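Visitor: Curious how this folds, go ahead:
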Amino acid sequence: FIAPLSADVNVLPLRHAVELKQRFDIDGDAVLVLPAQGDTYATAYAGGSGVYGGAIGEERLARLLQKPYDCYVFTGSVIGFLPDASYAAILDHVRAGAGMALLYKVGDDDKPIISKAEEIKFPAALAGLDAKVWKYGKGRLVALATVHSWHVYHRRPPAVYEVAHIFGTDLPRDLRSERRGRAVLWAAGRQPRLQMSVSLPGPALDRVGLPAHKISISWKGEGVAGPINLAARIRSQSRGAMQLPAVLDIDTANGAHEFPLPALPAGRYAVDVIARGDRGVEGWAVEQFTVTTEERIGRVKVDRDWGETGEPITGTVTIDTDAGAERTLRVHAVDRYGRIVARQEIRRPGAQTTFSLATSAVTPHYLGIEAALVADGEEICYGYAPDPYTIANRKQDQWNFILWGRLYSSIYDDIAEDLLAASGVTSRLETSHGPWWYMTRAGMNYTPYCASDLYRLPDTGAQEPGVDRNGVLEGKMCWNDEPAISGQIKSHLDPEMDFRCRGVLAYSMGDEQAVFGSCLHAACWKVYQDWLENDYGTIAALNESWGASFEKFDEIQPKIDGTDLHWLSADDRKSYHLSYANNEHGSKGKTHGSTAWTEAMKNYPRYIDRRSFQYWNFANYARRFGDTARRMDPHARVGVEGNDIRLDADIDVIVRNTGWWMPYGEHGGTTNEVIRSIAPRGYLHGNFMGTSFFWESFLRGGNTIGYFRIDRMLTPQMSLKGSVRRVVDSARIVFDGLGTVLNVHKDSEMLHDGIVMLHSMTSVKLAKIQTSHKDKEAGPTYGNFRTRDHSGRNRSEVERTWRNHTAWHRAIRASGLQFVYTTDGQIRRGEFDPAPYKVMILSQYEAIGPEEETTIRDFVANGGTVIADVRPGIYGARGKQRDNGAVLDDLFGVRHTGSAPADRAGGRITGTIAGSAVDVNLADLAVNPALEVTTGTALGKAGATPICIVNEVGEGRAILLNFTMWSFPPLATHDGPEDASSFLQTIFAEAGVQWPLTMVDEAGRRHRNMEAMRWRTGDGIEVVALFGPDRSTWQDSSAPPAPAPFTDLDTPVPVTVRLSRPLYVCELRTGLRAGPVEVFATGLRPRWPTFLVLSERELGVPLLEATDDAVRRGGVYEIEVKIADAQGTHPLKLKATSPAGDEAPWFSQSVFVEAGQAQITLPIAHNEQPGRWTVTVTDLYTGTSAASSFTVE
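Guide: Numbers count the residues shown, from 1 in each chain. As a prediction, this is how the structure comes out:
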């Protein structure tokens, strides 16, 4: 198979080959060829030809062509883009007797081959095909024109897509593949030895006369060994399909058989007959026909094509019949499986009849509206509403997996969406401006990608909002220019409201958008003045902070320095001058080339206030965007995705004004550590990622995880890529309901061990400021929050690991503990409750205002331990510079003597902390040399600089490490120094932190490269996820070998879990159970969590109690699930099996047992398969199941 590969998008080019291989038992290879140069996420035109893979691909093709194939199948016109040698080799093989099949409409590009071929008599084996055949040497050549172009997006042609939105395209796709397969087998000389045909009296048969007609089947064969049986069926894309009686042990030499035509409703049909023997399929035949009737359904019209749960589906049906008084009209709501889930029967209908179909909480969200005209109990004809009816399916109360982008294969897009749904995908983003029917049919909700007037930070250039020569946000509108901006927001949202009808998870304001902004438009500046007044309360308070003398807030105006960038033309300078003023550059330091700036102009509080306003301004704009969306869609959640900020933002104000946020970032998105800690329950968050960080995002509380993009998820043959398959397999338990229980359910919470970290946007901004243009940067030498500096340049000289907060995260988790965040905003609003915490960590917390100061001092006085790494409180509130040391110097027993760049030196810490000895050698630390010890006790030095200063205060303790955490030995490294881990664990232990569990290896040594995340899912029950290794320890993030103690991706590392007290333990997925125990042995695979349930009492097993043993069609079957003595919420997976033994996907669902019970209602369709059904529920915690059977009558 040689297939064209699009240079831009995944059009599933090899799916054609897979379909033929699977349907016709073909063994073959495939080669992709680019017919044009282009860019794509996965491929590029390389080498001297279009063969995918460049030189490697060309070498593979040459190697494959060393053996002759029976047939060379081209699915597009690409033979001219092969290397000359490969081109010649293929033609040589065809001349020698191989076949060539061109499965496309041939044109001028194919003349070099066809002009040398000899046209031959059309073979009977290809009867009915729009094909041309030739002899090419000894080989056969066939060109099969495409029957018609399929447009899945616009649902054309009607013969394929008229009812596809309900019943799918299986039959048209089968007929298409049958034609292509016949052509390939003929060209290969492998056509079936049993020649078969199906005939009917004509292509169109009147329904009334069907009983007088027969289906005639004939066959002839040579050398076909029996026994051979015939299986025949009448197929329809909608209604009327049926299996015909089997014909057994036919005479293969020559024979015929007739079937009477049964009564059928009007419509399009196909008869197919397949002959099977011990060797498999020996022959087949297909014939299409149409059943007609003078009576017909003229039109089925719904009043609107969507609604909410419980709202009736209403509309009208127009019929064309002279026998209305003798007819019955049935109107159905039909699910994608053809099940009639709601019905209204109208006797003696008029020419136009209204209908109303009830819906409920168990009604499927995707429906077709069907009308049937009935006489004497038989359906005469059917009609369908042209569009599906949907009940908005938002899924905001469950865990979601978002996939970016759509395919462009047309023929296979619908089954691709089913594959994605089966692989856990629940939501689709950036679908090219439409909620496509086949996505909705697969059960997807949507995350519309809206225009929003946000701006994207450039790859290079200032990482802040720029303005144009008029002072307005560059390329955008002012976010505060009313009423124009409100009208603009509405115009952005109006085109997205079609998504509302199908179900919106969240409305995205864009990808990789900046999350702060402002401009100098008069309206924006007025909002800024009002914000300052609201924040300060009085002008006196602002003057005290800024060192200013304003009499009122409206006197505050932008500071424009007209002397900077003097080498540019006046015209070019203007936007720069205004952008500098918009971002208060002059308050931070000297602007480029300024001759007017002096040190007296430095005003960090004014700079910080402007930055704070910019984040608030973005958040306020997002809130107004959401308010507008909710006026159109009351359930709307609004936010942004794909913002690579780490901790460099006012996360607090953004979370409080949005309903959804999906930042980028490794390790699950560092931003999500804060979001998960401060967001209200139900807030949607996670991060966009590749396969590498799926689990980090989930284990950081992510309840909406996004994957970029569909081209990277699916292979060209429409299977999951290997890395994606591993994620999907490992996450199946999440998709089945565990994700909802852990990260969505109202009664679950992520646990911590009494450790709280503080986040402050002000501190982040100040840590990035250099002391002066003349000196080496001071703050940034102690660590950075993003690798990109303000100018947009990557700090190539700064290691990516220079992030103190991330280093703390790793160190805490490598120590076997967990933490949460609080923010300076929460402290100022009085929302922070210190009671649950033993340890408070100040990492690069350089700015401390009065509320934070009081909180920190009280925390220590009341028995807590505060740990700071470097430079805590060297600035006051809003970054106000201090002349007399840092805010908390007396608390730590030190005195900061200024702001100096970090020194690098080795050192040693030795002594006692609360009576416990510590002794650790540290080879290379980044320390703050501008520090003196006063009342504290330094337990060591790095060079001449004191480190680890301990000060006992009140009932508590303050510890200033005076070195950066990123320069501390990484505790997750398998062979790292144990004394560093013991040092940190001693500090935590003496603070009163207790370990709920520890993980050790077979030698009893602490497992270094693993973490244990924990959730409380109810009273007396926890779920624990053991996970490793830390991504930072992986030498190659894209491939093995895995870092120690792991050896490869599939071999579990033995792990012994030691609990702090005896508990019952159950391992999810395996069902291993023990208890009550303090030690539990398990194993852990890399990037594949091992989930445990720890409980006070042994977990009960599910029991099913049904109200009835039998249920009539159109009724409901109700079951109660009970778990005796249940603890917390249990996730269960329900599956149902039909009387035929098939799984019924329409009944599959996740069930959540709360307080020991759950009610399940299964709606039984009006045409449900009669007989004995079985329902099975499986507890995801224990793996135990319960089953209940019932009869559908």
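
Visitor: what's the closest non-adjacent residue to residue 996?
Guide: With sequence-adjacent residues excluded and distances taken as CB to CB, 6 or more residues apart in numbering, residue 996 is closest to residue 1060, at 5.5 Å. For every residue, glycine as well, the C-beta is placed using N, CA and C.

Visitor: Residue 434 too?
Guide: residue 498 (7.1 Å).

Visitor: swap in residue 345?
Guide: Closest to residue 345 by CB to CB, 6+ apart is residue 330, at 5.3 Å.

Visitor: which helices and strands does the host helix or strand of the one you found pack with?
Guide: Using DSSP states H and E, residue 330 maps to strand 328-334. Judged by 3 or more CB pairs under 8 Å, 6 or more residues apart in numbering; DSSP states H and E, strand 328-334 is in contact with strand 313-320, strand 340-347, strand 352-357, strand 366-375.

Visitor: mind listing what the residue nearest to residue 345 touches?
Guide: 343-346, 371-372, 374 (CB atoms under 8 Å, 6 or more residues apart in numbering).

Visitor: Which of those residues ranks first by neighbour count?
Guide: Among those, residue 371 has the most neighbours (other CB atoms under 10 Å), with 27 neighbours.

Visitor: Contacts only, for it.
Guide: By CB under 8 Å, 6+ apart, the contact list for residue 371 reads 297, 300, 317, 319, 329-332, 382-384.

Visitor: for it, which residues make a bridge with it?
Guide: residue 331, residue 383 (DSSP bridges).

Visitor: Look up how far residue 331 lies from it.
Guide: Distance, residue 371 to residue 331, by CB to CB, to the nearest Å: 5 Å.

Visitor: Is residue 756 located within a strand, as I assumed?
Guide: Yes: checked against DSSP: H, G, I helix; E, B strand; the rest coil, residue 756 lies within a strand.

Visitor: Just give me the neighbour total for the closest residue to it other than its chain neighbours.
Guide: Excluding its sequence neighbours, the residue lying closest to residue 756 (CB to CB, 6+ apart) is residue 837, at 4.6 Å. By the measure other CB under 10 Å, the count of residues near residue 837 is 23.

Visitor: okay, the helices and strands packed on strand 328-334, which one's buried deepest?
Guide: strand 366-375 (a mean of 23; mean count of other CB atoms under 10 Å).

Visitor: ok so, going back, read off the pLDDT value for the residue nearest to residue 996.
Guide: On pLDDT, residue 1060 comes in at 96.

Visitor: Now do the strands in the stretch 801-950 of the chain.
Guide: Using DSSP state E, counting those that start in this stretch, the strands of the stretch 801-950 of the chain run over residues 820-823, 839-842, 865-868, 894-896, 903-913, 916-927, 931-933, 937-942, 945-953.

Visitor: Repeat that for the stretch 1001-1150 of the chain.
Guide: Remark: strands assigned in the stretch 1001-1150 of the chain by DSSP E, counting those that start in this stretch are 1011-1018, 1021-1027, 1053-1067, 1073-1084, 1090-1095, 1102-1106, 1110-1111, 1116-1123, 1130-1137, 1149-1153.

Visitor: Could you name the stretch from those that's closest to residue 1168?
Guide: Closest to residue 1168 of the strands of the stretch 1001-1150 of the chain, according to CB to CB: strand 1110-1111, at 8.9 Å.

Visitor: and the closest one, which strands flank it?
Guide: strand 1185-1192 (parallel).

Visitor: Could you export the strand it pairs with as CSV, CA atoms only?
Guide: The C-alpha trace of strand 1185-1192 is given here as CSV (Å, rounded to 0.1, in the frame of the first residue of the first chain):
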residue,chain,number,x,y,z
SER,A,1185,-18.7,-7.4,41.4
ALA,A,1186,-22.4,-8.0,41.8
ALA,A,1187,-24.9,-9.0,39.1
SER,A,1188,-28.6,-8.9,38.7
SER,A,1189,-30.7,-10.4,35.9
PHE,A,1190,-34.0,-9.3,34.5
THR,A,1191,-36.3,-10.1,31.7
VAL,A,1192,-37.4,-7.6,29.0
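
Visitor: Give me the residues contacting it.
Guide: Contacts of strand 1185-1192 with the rest of the structure, by CB under 8 Å, 6+ apart, involve 1101-1106, 1108-1113, 1117, 1119, 1121, 1139, 1164, 1168-1179.

Visitor: and which of the contacts of residue 371 is nearest to residue 58?
Guide: residue 384 (50.7 Å).
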